[in-house]
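Peer 1: take this sequence and fold it.
(chains A, B, C and D)
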Number of protein chains: 4
Amino acid sequence: MPDMQTSRDTRKIPISKVGVKDISYPIVVMDKNRKFQQTVARVNMYVDLPHHFKGTHMSRFIEILNVYREDIGLDKMEPILQEMKKKLGASSAHLEIEFPYFIEKRAPVSGARSLMEYTCTFTGTLGETFDFVLGVQVPVTSLCPCSKELSRYGAHNQRSHITVRVRYAGFVWIEDLVDLIEGCGSSPVWSLLKRADEKFVTERAYENPKFVEDIVREATLVLAAHEAITWFSVEAENFESIHKHSAYAAIERDKRKA
Amino acid sequence: MPDMQTSRDTRKIPISKVGVKDISYPIVVMDKNRKFQQTVARVNMYVDLPHHFKGTHMSRFIEILNVYREDIGLDKMEPILQEMKKKLGASSAHLEIEFPYFIEKRAPVSGARSLMEYTCTFTGTLGETFDFVLGVQVPVTSLCPCSKELSRYGAHNQRSHITVRVRYAGFVWIEDLVDLIEGCGSSPVWSLLKRADEKFVTERAYENPKFVEDIVREATLVLAAHEAITWFSVEAENFESIHKHSAYAAIERDKRKA
Amino acid sequence: MPDMQTSRDTRKIPISKVGVKDISYPIVVMDKNRKFQQTVARVNMYVDLPHHFKGTHMSRFIEILNVYREDIGLDKMEPILQEMKKKLGASSAHLEIEFPYFIEKRAPVSGARSLMEYTCTFTGTLGETFDFVLGVQVPVTSLCPCSKELSRYGAHNQRSHITVRVRYAGFVWIEDLVDLIEGCGSSPVWSLLKRADEKFVTERAYENPKFVEDIVREATLVLAAHEAITWFSVEAENFESIHKHSAYAAIERDKRKA
Amino acid sequence: MPDMQTSRDTRKIPISKVGVKDISYPIVVMDKNRKFQQTVARVNMYVDLPHHFKGTHMSRFIEILNVYREDIGLDKMEPILQEMKKKLGASSAHLEIEFPYFIEKRAPVSGARSLMEYTCTFTGTLGETFDFVLGVQVPVTSLCPCSKELSRYGAHNQRSHITVRVRYAGFVWIEDLVDLIEGCGSSPVWSLLKRADEKFVTERAYENPKFVEDIVREATLVLAAHEAITWFSVEAENFESIHKHSAYAAIERDKRKA
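Peer 2: As a prediction, the model looks like this:
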């Protein structure tokens, strides 16, 4: 059978990324407490294509995913990317994996256990060097300092998402990153809260008001102080309870340049 | 050219709905204050198909949409459906239109003007009789009575969506339905609030705590009392500030059967 | 601590559904070939609320989910609903679970293995009687008979989703339902196809053209012939390659009434 | 009333972007053929915040949007950003607007008129200099060259999205950009096609097979040849008819550096 993909292209245009996008696949990732966790990922896999080839071989991406899907550790990102470069004959490879990750949490007063979902991303690129970014989205409560200050009682509060991306030397557990970031809002959130917990969370948030600006600054403080982290970006989005739109703030910092 | 759609089907299976789905189209709808409003709709158009025909004529739906799109009044739903039945040779027709609708609101203290978006739906069916359902989604703030009661200060609150669908005799303006429903949460929301407004909204919500159950019950009271409305359903979804999931409640009532 | 939820409500308005919505939770479901499969679900859990109670107890839903999440078999739906009724003191309970389910498939010629994702839904209601609906969304290719007939060569084709919901007596495996429905389009689809497979799929689709109307009729034939199935609905949506909108068809049939 | 936002922050952390996100607002944009077009936008508005201020003034963003929303021309991006800098006392401002834009097209044989939706983005930044990026998403049909070559008849084809972003000197109409890009797939798509048009589109796509790689290369050729365009990126996503995932390719080129 002819292989059109390897036929000669004369347009002299190299392609920086070509591959498969939005594959839903079951994967197994490392879990700090339970060793492994099974979840479902959305995966994008790309390589570069030199100008003289007409196309890449899409099926090979899935073959690689088949091999590695049961052990998508942080330590496997570079081997997977090497395999992609090799099997596709490319000089650079790019891998994006997004998945829900669950951590068991205990409610602050009752100790009731439940699972919280954190959307995580692994983004790896291998050209001449290897680059990896770990991302975690952490839901929290934010309570508005201005609303508290102005009002005789109460203060508007809402669910917020803090999205952190980090580069690091050594190793960082998702669980530890979540722990650090959850303290940056007015209160963490839980899936299961009994009445005593609800009182605790309500009062804690009221005692601890945070603008969207405060959230990204608090996160900047903890991420800047983290020894392993060499670069980070943090975004906070407050799904305002008094509006139909969000308040948003973002900071990015490269500690290697400081 | 052959017309396969009109060729004979021998499987003896009539189809209840066939047509086009998720067409994005600019439309003009009636506006109580400004006469007309231009917006962008997502449209589904279906007819039934007798068992002996192989297919329907999809392009005719778009032709009908072309004719009527500049005047999608509530009073045009029945004529459009009649046209669909006629042009497609069908015994029933079904039309679903969803669009963002904007109403100018004034902030409660400062009077500052801004536009609020309400997602609306027109759902019409014409078989032997004509049936029409008007839907409006109204964002509000909800403040938790339990959290207020238990806590020394503060109370968790969040954005909520109240989705109302109504059948009625006579006429109902979107604006009037929004007005009725916005009062059913702890406070309405606005796009633009100055500091004095934020104080007002915060205190009003605190003085007016509502469970998700209260919201659908309050909505039930006002909809049951509305003379023109003959049937309604109401759903409320609270995007909980202390959880990553929602609280939800729903009531449906047919006043014609009461 | 006061329990506001059990306090008396005087509005005389019972609520048909109240509970938690859009909880993301890891679950374990039955797998025909591998016994169990771990996946991630989106879960809604509701009960009714008598008119004299002010509210339901939202945290109890999560407690029940915690107990059952590691064994969400089809045979566990009724016990979960019974538990919901009991723990919430309700006369009816409603449970909706949506999750990606993966089935290993072998490519038609090369036999290459890969996993296909099928979005499944379990919808259960327990009032005086128990009602359960199993839903599966099956992606296929559809090739347009009209385009094939009119054109000198080629025919437009596209990805289609066939969504089936069934009630049944006895037991139905997801795998078997997928098998039945995958044959109703112009060709099944796979995650991994080698060149020989791509030739096979292309030719098979061309030899087997299907209107969106044909797809729902074919599905009706196989579902009507299935002995265990007592009721079904089938929808097909073609994401047309020559338009930016979809073609759609739907049939529903209650075999118990026939 | 106290203005907490202007109070002093001592954490020494400047914020690069802070503002409002996901506001849905009706806007008016320039239209090459009809002078103006009303549509509905999703808007993000951010400024930077010096380290010594505690917060920004969120309501001012909406006030600015109120003033300019009826004339969001390409020529208004810089004035809006200047206003944002001035009103918020910022040294940089960032504005993102995404909206559906409709162009009337005539079917290729019958000449039947219909409207096609193209999702557009305006992204502007004003720091010391002004930067603007125009984005357009163009749906087309793509037909696989490999499938055509291997198969005795037919070829798999599907809807594809080509997303182009351009920087330019002078002026570029959305309509002209769409025209250029629509020719880069196997065939353009239309909302309304009669039978003669469907034959034309089917045959044209079959005569004109394109890999996802070809699409971005063809787009690169036309964008590289366009005199006003100084920088561009192009992405193509094929919603594969034989898979449940997409094929994807991307190229970016800065002509100022060449």
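Peer 1: the residue lying closest to A:Met4 once chain neighbours are set aside: what's it in contact with?
Peer 2: Once flanking residues are discounted, A:Met4 sits nearest to D:Cys146: 4.8 Å by CB to CB, 6 or more residues apart in numbering or on different chains. Yep, even glycine has a C-beta here, placed from its N, CA and C like the rest. Contacts for D:Cys146 (CB atoms under 8 Å, 6 or more residues apart in numbering or on different chains) come out as A:Met4, A:Gln5, A:Gly55, C:Arg195, C:Glu198, D:Phe211.
Peer 1: quick one: which of those sit in strands?
Peer 2: If you go by DSSP state E, the contacts of D:Cys146 have nothing in strands.
Peer 1: what would those look like in CSV with neighbour count and distance to B:Arg106?
Peer 2: Converted to CSV, the contacts of D:Cys146 look like this (neighbours: other CB atoms under 10 Å in any protein chain shown; distance: CB to CB, whole Å):
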residue, neighbour count, distance to B:Arg106
A:Met4, 18, 64
A:Gln5, 18, 62
A:Gly55, 23, 59
C:Arg195, 20, 65
C:Glu198, 26, 61
D:Phe211, 25, 56
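Peer 1: now do the contacts for the closest residue to A:Phe36 other than its chain neighbours.
Peer 2: Nearest non-adjacent residue to A:Phe36, counting by CB to CB, 6+ apart: A:Val28, 5.3 Å away. Contacts for A:Val28 (CB under 8 Å, 6+ apart) come out as A:Phe36, A:Gln37, A:Gln38, A:Thr39, A:Arg69, A:Glu70, A:Asp71, A:Ile72.
Peer 1: touching chain C at all, stretch A:73-83?
Peer 2: No - with CB under 8 Å from any CB of the partner chain as the criterion, chain C is not reached by stretch A:73-83; the gap is at least 15.7 Å.
Peer 1: what comes up buried for that stretch?
Peer 2: For stretch A:73-83, a neighbour-count test (16 or more other CB atoms under 10 Å in any protein chain shown) marks A:Leu74, A:Lys76, A:Met77, A:Ile80, A:Leu81, A:Glu83 as buried.
Peer 1: and the residues you listed, which is closest to B:Val20?
Peer 2: B:Val20 lies nearest to A:Ile80 out of those, by CB to CB, at 42.2 Å.
Peer 1: find me the pLDDT at the closest residue to that closest one other than its chain neighbours, would you?
Peer 2: Nearest residue to A:Ile80 in three dimensions, chain neighbours excluded: A:Tyr68, at 5.1 Å (CB to CB, 6+ apart). Looking at A:Tyr68, its pLDDT is 95.
Peer 1: got a list of what A:Tyr68 touches?
Peer 2: A:Tyr68 touches A:Lys76, A:Pro79, A:Ile80, A:Glu83, counting by CB under 8 Å, 6+ apart.
Peer 1: quick check: which element contains the third one?
Peer 2: Taking DSSP states H and E as the criterion, the element that holds A:Ile80 is helix A:77-88.
Peer 1: quickly run through the sheet partners of the helix or strand following that helix, with directions.
Peer 2: The helix or strand immediately downstream of helix A:77-88 is strand A:93-106, counting by DSSP H and E. Strand A:93-106 pairs in its sheet with strand A:35-49 (antiparallel), strand A:113-126 (antiparallel), by DSSP bridges.
Peer 1: just want the angle from strand A:93-106 to helix A:77-88.
Peer 2: Here strand A:93-106 runs at an angle of 150 degrees relative to helix A:77-88 (axes from the mean of the first three to the mean of the last three CA atoms, to 10 degrees).
Peer 1: given the strand ranked longest in chain A, what are its sheet partners and their directions?
Peer 2: Using DSSP E, we find that the single longest strand of chain A is strand A:15-31. The pairing partners recorded for strand A:15-31 under DSSP bridges are strand A:35-49 (antiparallel), strand D:246-254 (antiparallel).
Peer 1: what's the per-residue pLDDT of A:Gln5 here?
Peer 2: At A:Gln5, pLDDT is 86.
Peer 1: who's in contact with the closest residue to it other than its chain neighbours?
Peer 2: Distance criterion CB to CB, 6+ apart; nearest residue to A:Gln5, sequence neighbours excluded, is A:Gly55 at 3.7 Å. Counting by CB under 8 Å, 6+ apart, A:Gly55 touches A:Met4, A:Gln5, A:Thr6, A:Val18, A:Leu49, D:Cys146, D:Phe211, D:Glu213.
Peer 1: go ahead and confirm the second one touches A:Thr56.
Peer 2: This means A:Gln5. Yes - with contacts counted by CB atoms under 8 Å, A:Gln5 reaches A:Thr56, the gap being 6.4 Å.
Peer 1: ok, back up a step: what are the contacting residues of the helix holding A:Ile80?
Peer 2: A:45, A:47, A:56-57, A:60-61, A:63-64, A:67-68, A:72, A:90-95, A:122, A:124-126, A:130, A:132.
Peer 1: before we move on, the earlier item: mind listing what's buried in the longest strand of chain A?
Peer 2: Those would be A:15-21, A:23-31, for strand A:15-31 by 16+ other CB under 10 Å.
Peer 1: of all these, which comes closest to C:Ser233?
Peer 2: Taking the buried residues of strand A:15-31 together and measuring to C:Ser233 by CB to CB, the closest member is A:Ser24, at 24.3 Å.
Peer 1: secondary structure element holding the residue nearest to A:Lys76 when sequence neighbours are not counted?
Peer 2: In space, and not counting its chain neighbours, A:Lys76 is closest to A:Tyr68: 6.0 Å by CB to CB, 6+ apart. A:Tyr68 belongs to helix A:58-68 when assigned by DSSP H and E.
Peer 1: neighbouring contacts of stretch A:168-187?
Peer 2: With contacts defined as CB under 8 Å, 6+ apart, stretch A:168-187 is touched by A:32-33, A:74, A:101, A:103, A:118, A:120, A:134, A:136, A:138, A:140-143, A:157, A:160, A:162, A:164, A:166, A:188, A:201, A:204-206, A:208-210, A:215, A:218-219, A:222-223, A:226, A:228-230, A:234, A:236, B:242.
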